[in-house]
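only geometry, no sequence info:
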Ligand code: AMP
């Protein structure tokens, strides 16, 4: 199965992707996670991407496209993959189509997780991430049993620079300007599936599973 997860930041793409990848034994490819790994290890890509990420802007298409191209060659993609956070521009979507046709494969669906702007702000501004293992908590909806430390590994919980409210608003406007045209793009290809992502994450997973049986 080859899927794209679409939707604004905070729609729950990462959370759903973690479960879907297990359920269907496919690779989870999150461009945001790959970029954050590169920032953490201070690779040339990470150093270049950081300034864009911290301010809520998109990293230039050429960097992202070659990163995904490399990732899709990994053997774990043979069974299928789930793209989370990519494509984010029409240009990236065109590049993806070209990549897939070179590999002789095609997409099964683009799943759009629909949520309101207020839900995005509430979810992201309360999100806390573990510095050591990357586990995700929420000050209100999913607090850590160890307070400001990760209940899994004891690492310090921090707020990502791009989860601060002014940056969230910027990321939302970037989403509407640059990413939301992909809704029509995939609709016209007959690939778009809409899911109400205001619901609890368990319900959203059920709705997604119903799409694929
Ligand atoms: P995410 O975790 O998917 O919200 O991504 C965090 C940040 O990484 C975004 O705000 C962008 O700066 C950058 N990023 C992730 N994926 C892409 C992409 N496909 N195109 C451009 N920038 C991206």
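Structure received. This structure is a prediction, so every number in the text was calculated from the model and none was measured. Numbering: from 1, shown residues only.

Name the residues that touch the helix or strand hosting residue 15?
If you go by DSSP states H and E, residue 15 is part of helix 13-24. Helix 13-24 is contacted from outside by 1, 3, 5-7, 26-28, 30, 32-33, 79-80, 82, 84-85, 113, 136, 201, 204-205, 208-209, 212, using CB atoms under 8 Å, 6 or more residues apart in numbering. C-betas here are computed from N, CA, C, even on glycine.

And it, what's buried?
For helix 13-24, a neighbour-count test (16 or more other CB atoms under 10 Å) marks 13, 14, 15, 16, 17, 18, 19, 20, 21 as buried.

Among those, which ones lie close to the ligand?
Residues of those in contact with the ligand (CB under 6 Å from any ligand atom): none.

quick one, strands of the protein?
Per DSSP state E, the chain carries strands over the ranges 2-6, 27-30, 81-84, 109-114, 127-130, 136-138, 157-158, 192-196.

Could you export those strands as a markdown table, including mean pLDDT?
Formatted as a markdown table, these follow (pLDDT from 0 to 100):
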| stretch | mean pLDDT |
| --- | --- |
| strand 2-6 | 97 |
| strand 27-30 | 96 |
| strand 81-84 | 96 |
| strand 109-114 | 97 |
| strand 127-130 | 94 |
| strand 136-138 | 92 |
| strand 157-158 | 96 |
| strand 192-196 | 97 |
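
Those into CSV, with extra columns for mean neighbour count?
Formatted as CSV, the strands of the chain follow (neighbours: other CB atoms under 10 Å):
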stretch, mean neighbour count
strand 2-6, 24
strand 27-30, 20
strand 81-84, 24
strand 109-114, 21
strand 127-130, 19
strand 136-138, 17
strand 157-158, 17
strand 192-196, 18
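
how about the ones you listed in CSV, adding distance to residue 64?
Output for the strands of the chain, formatted as CSV (distance: least, CB to CB, whole Å):
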stretch, distance to residue 64
strand 2-6, 14
strand 27-30, 11
strand 81-84, 11
strand 109-114, 17
strand 127-130, 21
strand 136-138, 22
strand 157-158, 25
strand 192-196, 22
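
This completes my enquiry, with thanks.
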